[in-house]
Structures are given as C-alpha cells and as structure tokens.
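K.L.:
next input, structure requested:
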Amino acid sequence: RTHRPFQGQRGGSINIYCSAKKMGSAKIEKVAVLDDGRFAVFPDRKEPSWQYIYREACGVYWNQELGCFHSGEPPRTWGYKEWYEQIVSVVKSGVGLRMRLDSDAEFDSDSPGFADDVIAAEASVQKWIDDGCPPREKNQTAEQGVDPNA
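P.N.:
Numbers count the residues shown, from 1 in each chain. Next up, the predicted model:
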C-alpha cells in the first residue's frame, strides 16, 4: 500500500497510516462475547493507532478502553467462528498485526461450543494468512464455483 501524509492546516504532514511492517504480532489472551452481545478479541497489548481499523469498512472496531477488537454489532447471521476469522484477518490486512491465540487464552461466553468454534477458526485463519489469501476471498470464490488457483 502507498499513502500520502495528511497535510495539516499549517502545511506540516502527519502520518496517519499504520504501517504493516511496524505492527508485528500479538498473542490473543481472551476471546469473549461482551455484555452488549458483540464478539471481541483481546490482544496482549494496546495501540491507540488501532482505532483506525474501522477504515477497512469490514465491521471490525478497536476499543482502547477495553483493549479489544470487536464486531460492530451483535453477531446475527455469522457465528462465532466467522467473526473470529473476520477480526483476525482484517486486523492483519488493515493494521499489519498478526494475532495468534495463546495456549492459555480465556474464553468468556455462556454459549456451548464457543471455545471449540474459536479454536477451529484459529487453525483455518492462520492457514489463510500463511497462504496470503484472506478468508472472505477464499469463501467467495468457493461459493461462486471459481477455482482460486486457475
């Protein structure tokens, strides 16, 4: 990606772009359903610049106070597996942060199978990231009957 610095009122430039090379990786310490029903992923560190993830226009947001990436509204049509895949892949492509589920991660939800869904999603999303193919692209091509390798 290329970017142009924002030109301030006095002609100075401010870099408002999050460089993928600077972000690195983070462990996911907790995956939860928040009190308002939104799905949330908590990395082991916080960066104020992550607030700009909303610019990806993929329904993923950063809450600096809580220290989590979360869905924009309570999941209705997607399950927890799909939201986990969405958040982890959008964060990787949007701010360059590769998040991996920590072996001691906490799962906070009353839904049966919640931890199992997240663990299954972790394996698939990491494979997609390794292969360089975002999950939505792969799913869309499969649904359309198109061979992504053709």
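K.L.:
rounded mean pLDDT for the helix or strand that contains Asp130, please.
P.N.:
In the assignment (DSSP states H and E), Asp130 maps to helix 114-131. The average pLDDT within helix 114-131 is 89.
K.L.:
which strands or helices does that helix pack on?
P.N.:
Secondary-structure packing of helix 114-131 (3 or more C-beta pairs under 8 Å, 6 or more residues apart in numbering; DSSP states H and E): strand 25-33, helix 80-95, strand 98-108, helix 135-143. Glycine gets a C-beta too; all of them are placed from N, C-alpha and C.
K.L.:
adding mean neighbour count, distance to Ser71 and mean pLDDT, write these out as CSV.
P.N.:
Below are these laid out as CSV (neighbours: other C-beta atoms under 10 Å; distance: least, C-beta to C-beta, whole Å; pLDDT from 0 to 100):
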stretch, mean neighbour count, distance to Ser71, mean pLDDT
strand 25-33, 19, 10, 96
helix 80-95, 23, 5, 92
strand 98-108, 15, 15, 95
helix 135-143, 14, 14, 42
